[in-house]
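[1] next comes the sequence, and after it the predicted model I'd like to discuss.
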Amino acid sequence: MYTQATIPTQIRLCVECKVWVSTDLEWIKHNELHAHNPSIVYGPVIAEGILAAPRRCPYCTKQGMYLQIENHSKYVEHIEEHVRQQMADNSDSELHCPHYSCAHMGFDKRRLLSHLDKVHGISF
Ligand SMILES: [Zn+2]
Ligand SMILES: [Zn+2]
Ligand SMILES: [Zn+2]
(Lines give C-alpha, C1' and ligand atoms only; values in the text may rest on other atoms or scores of the structure.)
(Ligands and ions follow the chains in the order given, each with its own letter.)
Protein backbone atom coordinates (compact mmCIF):
# COMPACT_ATOMS: atom_id res chain seq x y z
CA MET A 1 0.00 0.00 0.00
CA TYR A 2 1.49 3.31 -1.11
CA THR A 3 1.17 6.32 1.12
CA GLN A 4 2.59 9.77 0.46
CA ALA A 5 5.46 9.05 2.81
CA THR A 6 6.74 5.96 0.96
CA ILE A 7 7.00 7.65 -2.45
CA PRO A 8 10.49 9.04 -3.06
CA THR A 9 10.18 12.78 -3.20
CA GLN A 10 13.66 13.95 -4.06
CA ILE A 11 12.97 16.69 -6.54
CA ARG A 12 15.73 17.41 -9.04
CA LEU A 13 16.06 20.23 -11.50
CA CYS A 14 17.32 19.60 -15.00
CA VAL A 15 18.93 22.97 -15.59
CA GLU A 16 19.17 22.42 -19.31
CA CYS A 17 15.46 21.76 -19.80
CA LYS A 18 14.26 23.94 -16.91
CA VAL A 19 12.21 21.00 -15.79
CA TRP A 20 11.66 19.75 -12.26
CA VAL A 21 11.63 15.99 -11.97
CA SER A 22 10.02 14.63 -8.84
CA THR A 23 10.51 10.86 -8.89
CA ASP A 24 13.48 8.57 -9.40
CA LEU A 25 11.70 6.81 -12.24
CA GLU A 26 11.07 10.03 -14.13
CA TRP A 27 14.65 11.15 -13.56
CA ILE A 28 15.92 7.87 -15.07
CA LYS A 29 13.62 8.38 -18.06
CA HIS A 30 14.80 11.96 -18.35
CA ASN A 31 18.43 10.78 -18.31
CA GLU A 32 17.69 8.42 -21.18
CA LEU A 33 16.26 11.27 -23.20
CA HIS A 34 19.51 13.21 -22.90
CA ALA A 35 21.66 10.13 -23.46
CA HIS A 36 19.90 9.47 -26.76
CA ASN A 37 19.91 13.09 -27.86
CA PRO A 38 23.17 14.53 -26.58
CA SER A 39 23.83 18.12 -27.53
CA ILE A 40 27.23 18.92 -28.97
CA VAL A 41 28.17 21.40 -26.23
CA TYR A 42 28.80 19.93 -22.78
CA GLY A 43 30.39 22.88 -21.05
CA PRO A 44 28.30 25.61 -19.42
CA VAL A 45 26.09 27.67 -21.73
CA ILE A 46 25.54 31.21 -20.56
CA ALA A 47 22.77 33.24 -22.17
CA GLU A 48 22.41 36.89 -21.19
CA GLY A 49 24.39 36.33 -18.02
CA ILE A 50 22.21 33.44 -16.93
CA LEU A 51 23.25 29.81 -16.86
CA ALA A 52 21.16 28.29 -19.67
CA ALA A 53 22.77 24.86 -19.52
CA PRO A 54 25.02 23.40 -16.83
CA ARG A 55 28.33 21.58 -17.23
CA ARG A 56 27.47 18.08 -18.34
CA CYS A 57 29.66 14.99 -18.57
CA PRO A 58 29.91 13.50 -22.09
CA TYR A 59 31.24 10.21 -20.72
CA CYS A 60 28.45 9.70 -18.22
CA THR A 61 25.87 10.78 -20.82
CA LYS A 62 27.16 8.07 -23.13
CA GLN A 63 26.58 5.55 -20.35
CA GLY A 64 23.01 6.73 -19.92
CA MET A 65 23.61 8.90 -16.86
CA TYR A 66 22.89 12.56 -17.28
CA LEU A 67 25.29 14.25 -14.89
CA GLN A 68 25.20 18.00 -14.17
CA ILE A 69 28.13 19.55 -12.31
CA GLU A 70 28.06 23.09 -10.95
CA ASN A 71 31.60 23.51 -9.70
CA HIS A 72 34.11 24.11 -12.50
CA SER A 73 37.19 22.57 -10.88
CA LYS A 74 35.16 19.49 -9.89
CA TYR A 75 33.94 19.29 -13.48
CA VAL A 76 37.48 19.42 -14.90
CA GLU A 77 38.63 16.79 -12.39
CA HIS A 78 35.68 14.59 -13.30
CA ILE A 79 36.37 14.76 -17.06
CA GLU A 80 40.11 14.21 -16.56
CA GLU A 81 39.34 11.13 -14.47
CA HIS A 82 37.37 9.69 -17.42
CA VAL A 83 40.27 10.46 -19.78
CA ARG A 84 42.69 8.75 -17.38
CA GLN A 85 40.37 5.76 -17.17
CA GLN A 86 40.14 5.63 -20.95
CA MET A 87 43.95 5.70 -21.23
CA ALA A 88 44.23 2.88 -18.69
CA ASP A 89 41.68 0.77 -20.61
CA ASN A 90 43.22 1.36 -24.04
CA SER A 91 46.38 -0.52 -24.85
CA ASP A 92 46.71 1.15 -28.26
CA SER A 93 46.91 4.62 -26.65
CA GLU A 94 44.38 6.06 -29.08
CA LEU A 95 41.67 8.05 -27.31
CA HIS A 96 38.17 8.66 -28.58
CA CYS A 97 35.70 11.42 -27.95
CA PRO A 98 32.57 10.03 -26.26
CA HIS A 99 30.22 12.04 -28.48
CA TYR A 100 28.65 9.82 -31.17
CA SER A 101 29.42 12.24 -33.99
CA CYS A 102 33.17 12.17 -33.21
CA ALA A 103 33.52 8.47 -32.40
CA HIS A 104 35.58 7.78 -35.55
CA MET A 105 38.37 10.18 -34.59
CA GLY A 106 41.43 9.07 -32.65
CA PHE A 107 43.37 11.46 -30.41
CA ASP A 108 46.31 11.57 -28.09
CA LYS A 109 45.57 13.06 -24.66
CA ARG A 110 46.58 16.63 -25.50
CA ARG A 111 44.54 16.62 -28.72
CA LEU A 112 41.53 15.06 -27.02
CA LEU A 113 41.50 17.78 -24.36
CA SER A 114 41.76 20.52 -26.98
CA HIS A 115 39.02 18.82 -29.01
CA LEU A 116 36.75 18.72 -25.95
CA ASP A 117 37.47 22.41 -25.47
CA LYS A 118 36.98 23.60 -29.06
CA VAL A 119 34.12 21.35 -30.15
CA HIS A 120 32.29 20.64 -26.92
CA GLY A 121 32.88 23.79 -24.89
CA ILE A 122 34.73 22.05 -22.04
CA SER A 123 37.55 24.36 -20.98
CA PHE A 124 40.33 22.94 -18.84
ZN1 LIG B 1 16.74 17.66 -19.25
ZN1 LIG C 1 31.30 11.48 -16.06
ZN1 LIG D 1 33.94 15.20 -29.93
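    Thanks, I have the structure now. Ligands and ions are numbered 1, 2, ... in the order given.

[2] going by C-alpha atoms from here, please, whenever you check contacts or count neighbours.
    Fine.

[3] would you map the helices across this structure?
    24-36, 58-62, 72-89, 109-120 (DSSP state H).

[4] near ligand 2, anything from the longest one?
    No. Contact of helix 72-89 with ligand 2 (CA under 5 Å from the ion) is absent, the minimum separation being 6.0 Å.

[5] any residues touching that helix, and which ones?
    Helix 72-89 has contacts (CA atoms under 8 Å, 6 or more residues apart in numbering) with R55, C57, Y59, I69, S93, E94, L95, K109, S123, F124.

[6] ok, and the closest non-adjacent residue to the fourth one?
    So that's I69. Closest residue in space to I69, ignoring its immediate chain neighbours: R55 at 5.3 Å, by CA to CA, 6 or more residues apart in numbering.

[7] so what's that neighbour up against?
    Applying CA under 8 Å, 6+ apart to R55 gives the contacts Y42, G43, P44, V45, Q68, I69, E70, H72, Y75.

[8] and if we set it to 7 Å?
    Residues near R55 by CA atoms under 7 Å, 6 or more residues apart in numbering: Y42, G43, P44, Q68, I69, E70.

[9] for M105, same thing?
    H96.

[10] how close does Q63 get to ligand 3?
    Distance of Q63 to ligand 3, computed by CA to the ion, to the nearest Å: 15 Å.

[11] mind checking pLDDT for that residue?
    Q63 is assigned a pLDDT of 88 by the prediction.

[12] which parts of the chain sit against ligand 3?
    Proximity of the chain to ligand 3, by CA under 5 Å from the ion, involves residues C97, C102.

[13] any stretches of the chain with poor pLDDT?
    1-9 (pLDDT under 70).

[14] which positions in it make contact with ligand 1?
    With CA under 5 Å from the ion as the criterion, the chain meets ligand 1 at residues C14, C17.
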